[in-house]
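Colleague: have a look at this prediction, sequence included:
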Amino acid sequence: MEVENRGAQPLEDVLLRATPAKRVAAAWSDTHLPECRKFWSNSKGRAEDYDLSADTRQVDVFISHCWSPPENWKTVMGPDINYADVKSAAVAVMAKDISIARNDLQSWGNVLLWIDKACIPQDNDMLKLACINLIENF
């Protein structure tokens with residue numbers, strides 16, 4: 001079964017979502033780093049992850065990534081460096097770089113990100129498939 005588009009807008013415009021960086025990114029010293037760690041720690045999408053995003057007309061960054069750490073992560077980084085924390089911090093740095101380029105560092109948390117886990121409904125198979133098929137259009 002396919003998602004039927006009965007409106008005048010292209011389906012990718014109707015289904016496009018984004019999450020503000022502040023909901024999934026944090027510097028090492030940010031108090032909400034543990035919340036971000038929970039998001040980045042595995043690929044399994046939940047309704048609460050989808051709730052991090054909202055409908056949007058545009059996205060600043062499309063994030064493509066690997067959910068699993070490299071095989072030698074603990075050997076190279078040590079046992080105390082959490083891969084999800086590094087991802088969260090890297091996304092925060094990227095969002096801050098974009099905000100600096102816009103001459104507005106204070107707004108880094110509002111940089112709009114497309115991340116599969118947050119922007120594709122994981123609990124609706126029909127919408128999930130439609131979004132996956134539209135990724136190139138997003």
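Modeller: Arrived safely, thanks for sending.
Colleague: nearest the geometric middle of this protein, what residue?
Modeller: For the chain, the residue nearest the mean C-alpha position is I115 (2.9 Å; Cα atoms, centre = their mean).
Colleague: contacts only, for the closest residue to that residue other than its chain neighbours.
Modeller: Leaving aside its chain neighbours, I115 sits nearest to I63 (4.9 Å; criterion: Cβ to Cβ, 6 or more residues apart in numbering). C-beta coordinates here come from the backbone N, C-alpha and C atoms, glycine included. If you count contacts by Cβ atoms under 8 Å, 6 or more residues apart in numbering, I63 has them with 91, 113-115.
Colleague: which residue, other than its chain neighbours, is closest to K22?
Modeller: G109 is the one closest to K22 (Cβ to Cβ, 6+ apart), at 2.9 Å.
Colleague: that older thread, secondary structure added to the contacts of I63, as a markdown table?
Modeller: Formatted as a markdown table, the contacts of I63 follow (DSSP: H, G, I helix; E, B strand; the rest coil):
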| residue | secondary structure |
| --- | --- |
| V91 | helix |
| L113 | strand |
| W114 | strand |
| I115 | coil |
